[in-house]
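[1] this one's structure only:
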């Protein structure tokens with residue numbers, strides 16, 4: 001973790017080309033580039049580092065000449081400024097109060113998060129920068145050293161909250177901080193020997209928008225001020241993630257539910273009557289007979305009789321509770337996803353209800369259907385059993401996902417049976433990207449996650465396949481998915497999602513399950 005904290009410069013000597021100041025204070029709260037921070041005693045050790053201009057590592061203006069611990073409370077440093085135009089300008093700017101702040105650059109190796117601030121336990125000093133914008137007015141040059149021949153001027157700051165502090169001569173202290181070789185005698189005026197806290201550079205970058213504004217100005221318009229702001233912000237993906245926009249897609253990932261209803265899709269469908277919780281269907285129980293009667297022989301009497309099949313209407317309901325704030329302040333995709341998932345849950349429970357009803361009333365065969373040969377034997381036998389019981393043809397077969405997997409793998413000497421391109425093996429068509437297909441002997445294939453052997457839907461055991469005459473079983477449903485909302489006294493919103501449906505076993509044995 002990279003971290004920078006600015007602090008005041010205490011001395012600048014244009015002849016000796018040195019700048020002196022306290023760069024770290026221990027156990028004092030600072031406003032660093034990462035927020036509030038405190039450096040534990042001994043967490044930072046003096047090191048030989050470069051002095052950079054405004055944290056730009058490509059603009060080095062000097063390097064540390066002396067750096068020492070001030071007891072266990074601080075680190076003081078003296079930097080030798082290079083004899084370059086940038087170095088000379090920096091000395092003048094520091095002495096004139098134009099660029100008069102220190103800001104240390106650290107690589108944090110160990111820290112703990114305290115309440116309201118980060119406490120650094122160990123960090124490596126990687127550099128120090130000369131900066132122009134401390135966040136508080138008091139973080140300025142507090143001591144200026146000049147030639148003895150020059151006129152000594154007091155440094156005053158009318159905005160310094162410590163106005164009235166004692167002013168004392170610190171010539172001996174300043175002289176010890178500069179190069180001992182040919183260092184001239186200097187006089188100093190000290191307004192404050194130590195700041196009360198650290199401060200982060202004042203910067204107009206305080207949001208993603210302002211960061212983008214100054215980034216564009218710096219890179220497109222070559223605005224020097226903006227370039228410094230961006231540099232001082234230390235904006236990298238690891239140190240300032242808040243400045244990096246994180247867009248969110250409107251695509252919602254959902255691997256838990258969908259609207260598939262394989263079993264219901266394989267049945268005949270009709271609209272549900274509008275009233276009552278039960279309705280009746282007339283069902284013929286006896287039909288007239290016709291016989292071969294000899295001449296003058298008596299004709300056997302026969303009648304047509306019927307009864308009524310009573311079909312109960314089922315209600316399926318789902319409830320979701322949200323708050324007014326969530327509905328008002330969320331993106332529209334939230335409500336769309338909520339309603340979609342209620343629909344998915346409705347589809348799942350209704351398909352499971354249809355599977356359970358047919359499983360409890362249909363007939364079974366005793367063929368092991370878990371091989372290619374067994375599957376052909378089961379479908380052929382089940383189709384015959386359905387026709388014999390319902391006098392209607394079995395046109396559909398519904399299987400579990402596990403049996404779907406088996407069917408796609410059935411082959412004849414390596415040539416697939418149900419997803420083949422050659423006409424010789426085109427006994428049907430089954431694809432891995434479709435829940436519909438055709439299998440021998442001409443049955444329409446449907447896949448239902450609701451089918452399983454009283455367990456996982458990938459089951460391949462008993463009751464994992466059913467051959468059905470759709471005319472023998474009919475699914476009745478009202479206008480799908482009525483929606484009701486209610487705002488409660490506590491500000492929550494009830495969303496009730498419900499519908500009515502019924503399944504009619506017109507001819508129960510019109511369905512035939514596998515049973516090994």
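    Alright, I've got the coordinates. The structure displayed is predicted, hence computed values, not measured ones.
[2] only C-alpha atoms from now on, for both contacts and neighbour counts.
    Fine.
[3] measure residue 99 to residue 91 for me?
    Separation of residue 99 from residue 91 (Cα to Cα, to the nearest Å) stands at 9 Å.
[4] which helix runs longest in this protein?
    Among the elements of type helix in the chain, defined by DSSP state H, the one spanning the most residues is helix 332-361.
[5] ok now the helix or strand following it, how far from the chain's centre?
    On the C-terminal side of helix 332-361, the closest following helix or strand by DSSP states H and E is strand 363-365. Averaging C-alpha positions (Cα atoms, centre = their mean, to the nearest Å) puts strand 363-365 48 Å from its chain's average.
[6] re earlier: list the buried ones in the longest helix of the chain?
    Of all the residues in helix 332-361, those buried under the rule 16 or more other Cα atoms under 10 Å are 339, 341-348, 350-355, 358-359.
[7] so which elements touch it?
    helix 262-265, strand 314-323, strand 492-505 (3 or more Cα pairs under 8 Å, 6 or more residues apart in numbering; DSSP states H and E).
[8] and the residue nearest to residue 118 when sequence neighbours are not counted, how far is that from residue 120?
    In this structure, residue 118 finds its nearest non-sequential neighbour in residue 37, 4.6 Å apart by Cα to Cα, 6 or more residues apart in numbering. Relative to residue 120, residue 37 is positioned 7 Å away (criterion: Cα to Cα).
[9] kindly report the same for residue 67.
    Taken as Cα to Cα, the spacing of residue 67 relative to residue 120 amounts to 20 Å.
[10] before we move on, what about residue 251?
    Distance of residue 251 to residue 120, given as Cα to Cα: 41 Å.
[11] with residue 441 instead?
    The gap separating residue 441 from residue 120 is 75 Å, by Cα to Cα.
[12] out of those two, which sits in the busier spot?
    The residue with more neighbours, out of residue 441 and residue 120, is residue 120; 21 against 14, by other Cα atoms under 10 Å.
[13] need the helices and strands packed on helix 332-361 in CSV with mean pLDDT and mean neighbour count, can you?
    As requested, these are exported to CSV (pLDDT from 0 to 100; neighbours: other Cα atoms under 10 Å):
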stretch, mean pLDDT, mean neighbour count
helix 262-265, 93, 24
strand 314-323, 88, 14
strand 492-505, 89, 20
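[14] right, so of the ones you listed, which gets closest to residue 226?
    Taking Cα to Cα, strand 314-323 is the member of the helices and strands packed on helix 332-361 nearest to residue 226, at 43.6 Å.
[15] list the pairing partners of the closest one within its sheet, with orientation.
    The partner list of strand 314-323 in its sheet, established with DSSP bridges, is strand 492-505 (antiparallel).
[16] what angle separates the partner strand from helix 332-361?
    30 degrees (axes from the mean of the first three to the mean of the last three Cα atoms, to 10 degrees).
[17] I'd like the next helix or strand past strand 492-505.
    Tracing the chain C-terminally past strand 492-505 and defining elements by DSSP H and E, one meets strand 511-514 next.
[18] tell me the mean pLDDT for that following strand?
    The average of the pLDDT scores along strand 511-514 is 92.
[19] same question for stretch 302-312.
    Regarding stretch 302-312, the rounded mean pLDDT is 92.
[20] for residue 335, report the pLDDT, please.
    77.
[21] from residue 492, how far out is the residue nearest to it when sequence neighbours are not counted?
    Closest residue to residue 335 apart from its sequence neighbours, by Cα to Cα, 6+ apart: residue 327 at 7.2 Å. Distance of residue 327 to residue 492, computed by Cα to Cα: 10 Å.
[22] what does residue 338 give?
    On the measure of Cα to Cα, residue 338 and residue 492 end up 15 Å apart.
[23] any idea how the protein splits into domains?
    Taking automatic domain parsing as the domain assignment, the ranges for the chain are 2-201, 203-247, 262-289+301-514.
[24] would CSV of those with distance to residue 256 be doable?
    Formatted as CSV, the entries for the domains of the chain read as follows, by distance: least, Cα to Cα, whole Å:
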stretch, distance to residue 256
domain 2-201, 38
domain 203-247, 24
domain 262-289+301-514, 9
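[25] residue 392 is in contact with residue 469, correct?
    Yes - under the criterion of Cα atoms under 8 Å, residue 469 lies in contact with residue 392, with a separation of 6.4 Å.
[26] got any residues that touch both of those two?
    Shared contacts of residue 469 and residue 392, defined by Cα atoms under 8 Å, 6 or more residues apart in numbering, are found at 386, 510.
[27] quick one: which of the two has more around it?
    Here residue 469 and residue 392 are compared on neighbour count by other Cα under 10 Å; more neighbours surround residue 469, at 28 against 18.
[28] ok now do the more buried one, which residues does it touch?
    Contacts for residue 469 (Cα under 8 Å, 6+ apart) come out as 267, 386, 390, 392, 393, 394, 395, 396, 510, 511.
[29] ok, now with 10 Å
    Residues in contact with residue 469, defined by Cα atoms under 10 Å, 6 or more residues apart in numbering, are 266-268, 383, 386-387, 390-397, 507-512.
[30] list the helices and strands the helix or strand where the residue nearest to residue 118 lies packs on?
    Per DSSP H and E: residue 37 is located in strand 35-39. Where contact means 3 or more Cα pairs under 10 Å, 6 or more residues apart in numbering; DSSP states H and E, strand 35-39 is packed against strand 2-13, strand 18-25, strand 29-32, strand 101-114, strand 117-131.
[31] quick one, which of these gets closest to residue 48.
    Nearest to residue 48 among those is strand 117-131; the distance by Cα to Cα comes to 8.5 Å.
[32] state the mean pLDDT of that closest one.
    Confidence over strand 117-131, taken as the mean pLDDT, stands at 86.
[33] next, the angle strand 18-25 makes with that strand.
    Compare the direction of strand 117-131 with that of strand 18-25 by the same axes, to 10 degrees and you get 170 degrees.
[34] ok, residue 104 to residue 317 distance?
    Counting by Cα to Cα, the gap between residue 104 and residue 317 amounts to 64 Å.
[35] whoops, residue 119 was the one
    Relative to residue 317, and taking Cα to Cα, residue 119 is found at 54 Å.
[36] and for residue 362?
    Residue 362 sits at a distance of 27 Å from residue 317 (criterion: Cα to Cα).
[37] ditto for residue 267
    With distances defined as Cα to Cα, the gap from residue 267 to residue 317 amounts to 22 Å.
[38] and if you look at residue 26?
    Here the distance between residue 26 and residue 317 works out to 64 Å (Cα to Cα).
[39] beta partners of the closest residue to residue 81 other than its chain neighbours?
    Closest residue to residue 81 apart from its sequence neighbours, by Cα to Cα, 6+ apart: residue 62 at 4.2 Å. According to DSSP bridges, the partner residues bridging residue 62 are residue 51, residue 81.
[40] most remote residue from the middle of this structure, which is it?
    Distance from the centre of the chain peaks at residue 296, with 88.9 Å (Cα atoms, centre = their mean).
[41] report pLDDT for residue 64.
    pLDDT for residue 64: 91.
[42] where does this structure dip in pLDDT?
    1-14, 31-35, 133-203, 206-208, 231-250, 419-428, 431-434, 453-458, 480-484, 516 (pLDDT under 70).
[43] on that earlier part again, can you list residues touching both of residue 99 and residue 91?
    Contact with both residue 99 and residue 91 is made by residues residue 130, according to Cα under 10 Å, 6+ apart.
[44] who has more neighbours, the two?
    Neighbours were counted for residue 99 and for residue 91 using other Cα under 10 Å; residue 91 has more, 26 against 23.
[45] quick check: the more buried one is in a helix.
    Yes - secondary structure of residue 91 (DSSP: H, G, I helix; E, B strand; the rest coil): part of a helix.
[46] list the contacts of it.
    Neighbouring residues of residue 91 by Cα under 10 Å, 6+ apart: 12-15, 17-19, 61, 81-82, 85, 97-100, 130.
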